[in-house]
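give me coordinates for this.
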Amino acid sequence: MRKVVFLMLLAAFAVFALDFSGDTLLSADLKNRIETVPPHKNHPNASFYIIVDSTITRMLQNGGYEIERYYLAKAYTYRGKKKLSNYKILYNANYEEVELLRARTINADGISSIDSTQLNEITPPSYSDATIYAKMTQMVVSLPAFSESSAVEIHYKIKTKTLPPKPFGNMNVLVTEEPAKKVFYALQFYSGRKPRWLSISDAPQPTISGGQIQWEIDDWDGVQLEPQIPPLREIMPTIMFSASKNWNDEAEKIAADILTKTVADEKVKAVAESLAADKNKRAATENILFYIQEKFDPIFISPNLVGYKPNTAAKVFENGYGDSRDLSVLLIAMLKSVGIDAYPALIASGGARIYDIPTLYQFNRMVVAAQIKGKTLFLDPMREYADVGYLGAANGEKALVIIPGKAHLEQIPLPEPNSNRIDFSYNLHIGDDGSMDGTISTEASGSPAQNIRSSFRHAKKRKKKQRIETAASNVADGAKIEGKPIIENVDKNSGAARLQFDMSAKNFLTMQDKMAIIWLPHTPFSSFDLPNISKEKRKFPLFIDEPEMLSKNFTIYFPDKYKTDYVPPIQSFDNEVGSLMIGSQSGEYSLAVNITLKLKKKRITPDDYENLRQLIRALTAKRYRIILLEEKS
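Below you'll find the model as predicted:
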């Protein structure tokens, strides 16, 4: 096979000197592989079929690596054509370079190889802010003459051109939702440096021969991904590997580069001392964290892409922005300068399980582990509206705490549903004409509070008014705000956020002859997302970021010409997933309905999914939302 090799030119606009025009030969074996792809009817949900996906990672003695990938796939549909016709290769141009060996379209009537106009180098939109830290680059190979039945053949290498600023290792999800004939992954190592490895989520055990560890999957059927699935490593065959012996060994490779930057200069120290003045350690920690959350712009990029060499605390303070490494360094420096022990820690911000194999690739964000009264308090300076101890989906999982000589995995506390809740109170007065006057109150903590703070803290007066008006219209169509809304505790991150407004609406009561209907209003703010139960059954667990709680309390006063004919019955549902409590009572001119939903688990297994559906169906059922009034005789 003839190989035409070129090295990418790193420039804002690159001109590629290459010639693949002679790359038109098709071996009998390759032709047979393409022609024997199963028909689309065998995989009706697939958009394309992977014939071969082969990756070899080579561990180099100089501390670098080389990744060689060969990819052959055939489109089934227009969607498959869209996915395959623009093949993307992501790399960090600061320390990596790409060598393209082959890129061509294979059709029944011939082969079309790329030319220089069909190869572009761009900054991926999702990494546009991260250019401050790294030359995140995406090579886009636009395959010519690509149709809904074409095959793509890509062969390339990613090599380190300088020593990468991170330890050797990786985590790879071996397959995708698309079907595949052959998936091959090999790890090549040199004598005396055999890496550790782990296969999870039904990944095969590897074969080991000489200096190579290799995994193979044959005849992968593909899967249909479902709403709200856990991180892919938990449900798809995945491998991890590392050159480190243990977590302490892995952490030592980055600890010095981080900890030497956590020294506060006089300016940083002065600010920290002013924020901590006359405060206990907990209150000082809250003040310093909030200062960074409010004053510094977060740049979202994984340390595994840019490395583990942050700026100094003084430089971060001067910049006014930072990624998770930089903001954590600044936070540690400020805490240490007021006598609070603090260390860097790594988390998987999406809430993935952490396995006991020492590779940093399991994590994607740096946070801070502060020691207060003998307990670890985790702090995330990247979350602008988060309270102390809140790490989102990472709560309940594990963090790697980087203490010199004592690095270890530590369990992050999982809050009770009570800590992550929203309460809505409706005090409604219905007039003889069916109109309604009412007071709507909202109190939120945890994630719902962050959503409210995000909506109101920095919003202009007009935008705040529009959002309150939208909230009122969510309660009743055509509602009007009466008086001045009350917005409390949105200007800081600790404690509950509160909102209250008075409103009025016409035609709230639906009258039919001598009967009247009240539909219990919807919530004013969409700060609590119910789990998606649209599927009858699930193959994969349903993933909720964190335990949560929703409470709705209705007090309704109605005209004295009516009496209650029907109110939602008292019900109690309690199972492995959570609970739903519905209470009601009625008086001569008033009634009350109380609804409380608790979800206790982050991962709802397919076996427990029906229990979740029971709770959500009951919560949204009409029989628990309707009230009937009848005129007195």
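
what about the chain, any weak spots by pLDDT?
For the chain, applying pLDDT under 70 flags the ranges 1-22.

let's go with 50 and repeat that
1-17 (pLDDT under 50).

which residues of it fall in helices?
28-35, 78-84, 247-259, 266-276, 281-295, 303-306, 313-319, 324-337, 447-456, 461-475, 609-620 (DSSP state H).

next, the angle from the fourth one to helix 281-295.
Think helix 266-276. 120 degrees (axes from the mean of the first three to the mean of the last three CA atoms, to 10 degrees).

does anything pack onto helix 266-276? Which helices or strands?
helix 281-295, helix 313-319, helix 324-337 (3 or more CB pairs under 8 Å, 6 or more residues apart in numbering; DSSP states H and E). In this view, the C-beta of every residue, glycine as well, is placed from N, C-alpha and C.

tell me which residues of the first one are tucked away?
Within helix 281-295, the residues scored as buried using 16 or more other CB atoms under 10 Å are 281, 284-293.

which residue is nearest the centroid of the chain?
Central residue of the chain (CA atoms, centre = their mean): Gly350, 4.2 Å from the mean position.

one step back: just put the helices of the chain in TSV and tack on distance to Ile213.
Listed next are those as TSV, based on distance: least, CB to CB, whole Å:
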stretch	distance to Ile213
helix 28-35	25
helix 78-84	29
helix 247-259	19
helix 266-276	46
helix 281-295	43
helix 303-306	21
helix 313-319	40
helix 324-337	31
helix 447-456	41
helix 461-475	55
helix 609-620	37
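
deepest of those, which one?
Mean neighbours per residue, mean count of other CB atoms under 10 Å, is largest over the helices of the chain for helix 324-337, with a mean of 27.

using PDB, write down the CA coordinates of it.
Only the C-alpha atoms of helix 324-337 are listed here, as PDB (Å, rounded to 0.1, in the frame of the first residue of the first chain):
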ATOM      1  CA  SER A 324     -10.400  24.900  36.700                       C
ATOM      2  CA  ARG A 325      -6.600  24.600  37.400                       C
ATOM      3  CA  ASP A 326      -6.000  28.300  37.600                       C
ATOM      4  CA  LEU A 327      -9.100  29.200  39.700                       C
ATOM      5  CA  SER A 328      -8.300  26.300  42.100                       C
ATOM      6  CA  VAL A 329      -4.700  27.500  42.500                       C
ATOM      7  CA  LEU A 330      -5.900  31.000  43.300                       C
ATOM      8  CA  LEU A 331      -8.500  29.600  45.800                       C
ATOM      9  CA  ILE A 332      -5.900  27.400  47.500                       C
ATOM     10  CA  ALA A 333      -3.500  30.400  47.800                       C
ATOM     11  CA  MET A 334      -6.100  32.600  49.300                       C
ATOM     12  CA  LEU A 335      -7.300  30.000  51.800                       C
ATOM     13  CA  LYS A 336      -3.800  29.100  52.900                       C
ATOM     14  CA  SER A 337      -2.900  32.800  53.400                       C
END
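
and the strands in the stretch 501-633 of the chain?
510-512, 515-519, 542-543, 548-557, 562-566, 571-574, 578-586, 590-599, 603-604, 626-631 (DSSP state E, counting those that start in this stretch).

same check on the stretch 1-150 of the chain?
Under DSSP E, counting those that start in this stretch, the stretch 1-150 of the chain gives strands at 6-7, 48-59, 65-75, 86-92, 96-107, 110-113, 119-122, 136-142.

out of these, which is closest to Asp23?
strand 110-113 (4.5 Å; CB to CB).

strands paired with that closest one, and their directions?
Sheet pairing of strand 110-113 (DSSP bridges) gives strand 96-107 (antiparallel).

buried set for the partner strand?
Buried, per 16+ other CB under 10 Å, within strand 96-107: 96-106.

got the angle for it vs strand 65-75?
Using the same axes, to 10 degrees: strand 96-107 against strand 65-75 is 20 degrees.

re earlier: between the helices and strands packed on helix 266-276, which one is nearest to Met436?
Closest among those, using CB to CB: helix 281-295, at 39.0 Å.

who's in contact with that closest one?
When contacts are defined by CB atoms under 8 Å, 6 or more residues apart in numbering, helix 281-295 is touched by residues 271-272, 275-276, 279, 320, 327, 330-331, 334-335, 338-340, 370, 372-373, 377, 379, 381, 383-388, 492-494.

about what we covered before: so which of the helices and strands packed on helix 266-276 comes closest to Lys600?
The nearest among those, by CB to CB, is helix 281-295 at 27.4 Å.

distance-wise, check the nearest residue to Pro237 once chain neighbours are set aside relative to Phe189.
Nearest-residue entry for Pro237: Ala203, 3.7 Å, with adjacent residues in sequence omitted and distances by CB to CB, 6 or more residues apart in numbering. Distance from Ala203 to Phe189, counting by CB to CB, to the nearest Å: 19 Å.

again with Thr523
Taking CB to CB, one finds Thr523 at 56 Å from Phe189.

same question for Lys563.
Taking CB to CB, one finds Lys563 at 81 Å from Phe189.

also Lys600?
On the measure of CB to CB, Lys600 and Phe189 end up 44 Å apart.

more crowded one of those two?
Phe189 (20 against 17; other CB atoms under 10 Å).

what's the burial count for the nearest residue to that one once chain neighbours are set aside?
Nearest non-adjacent residue to Phe189, counting by CB to CB, 6+ apart: Met59, 4.5 Å away. Using other CB under 10 Å, the number of residues around Met59 comes to 20.

ok, Met59 - contacts?
Here Met59 is in contact with 65, 168, 187-190, 193, 195, 243 (criterion: CB under 8 Å, 6+ apart).

now with 10 Å?
65-66, 168-169, 187-190, 193-195, 211, 241, 243 (CB atoms under 10 Å, 6 or more residues apart in numbering).

quickly name whichever of those is closest to Leu25.
Glu66 (26.2 Å).

so what's that closest one closest to, chain neighbours aside?
Using CB to CB, 6+ apart, the closest residue to Glu66 is Arg58 (4.3 Å).

quick one: the one you found and Ser209, what's the gap?
Counting by CB to CB - Arg58 and Ser209 are separated by 15 Å.

quick one: which of those two has more around it?
Neighbour count, other CB under 10 Å: between Arg58 and Ser209, Arg58 has more, with 18 against 8.

that one contacts Arg193, doesn't it?
No. Taking contacts as CB atoms under 10 Å, Arg58 lies outside contact range of Arg193: 11.7 Å.

now the common contact residues for those two.
Gly211.

and Ile627, which of the helices of the chain is closest to it?
Here helix 461-475 is closest among the helices of the chain (CB to CB), at 15.2 Å.

by contact count, what packs against the closest one?
With contacts defined as 3 or more CB pairs under 10 Å, 6 or more residues apart in numbering; DSSP states H and E, the packing partners of helix 461-475 are strand 421-430, strand 436-444, helix 447-456, strand 480-488, strand 497-505.

returning to that earlier point: ok, the residue nearest to Pro237 touching Met171?
No. Ala203 is beyond contact range of Met171, at 11.0 Å (criterion: CB under 10 Å).

got any residues that touch both of those two?
In contact with both Ala203 and Met171: 233, 238-240, using CB under 10 Å, 6+ apart.

what's the most distant pair in these?
Among those, Arg233 and Ile239 lie farthest apart (CB to CB), at 9.6 Å.

what touches both of those two?
Shared contacts of Arg233 and Ile239, counting by CB under 10 Å, 6+ apart, come down to 171-173, 200-201, 203.

mind putting those residues in CSV, distance to Val577 included?
Listed next are those as CSV, based on distance: CB to CB, whole Å:
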residue, distance to Val577
Met171, 29
Asn172, 32
Val173, 27
Ile200, 25
Ser201, 22
Ala203, 28
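
what about those, which are in strands?
Among the shared contacts of Arg233 and Ile239, the ones falling in strands (DSSP state E) are 171-173, 200.
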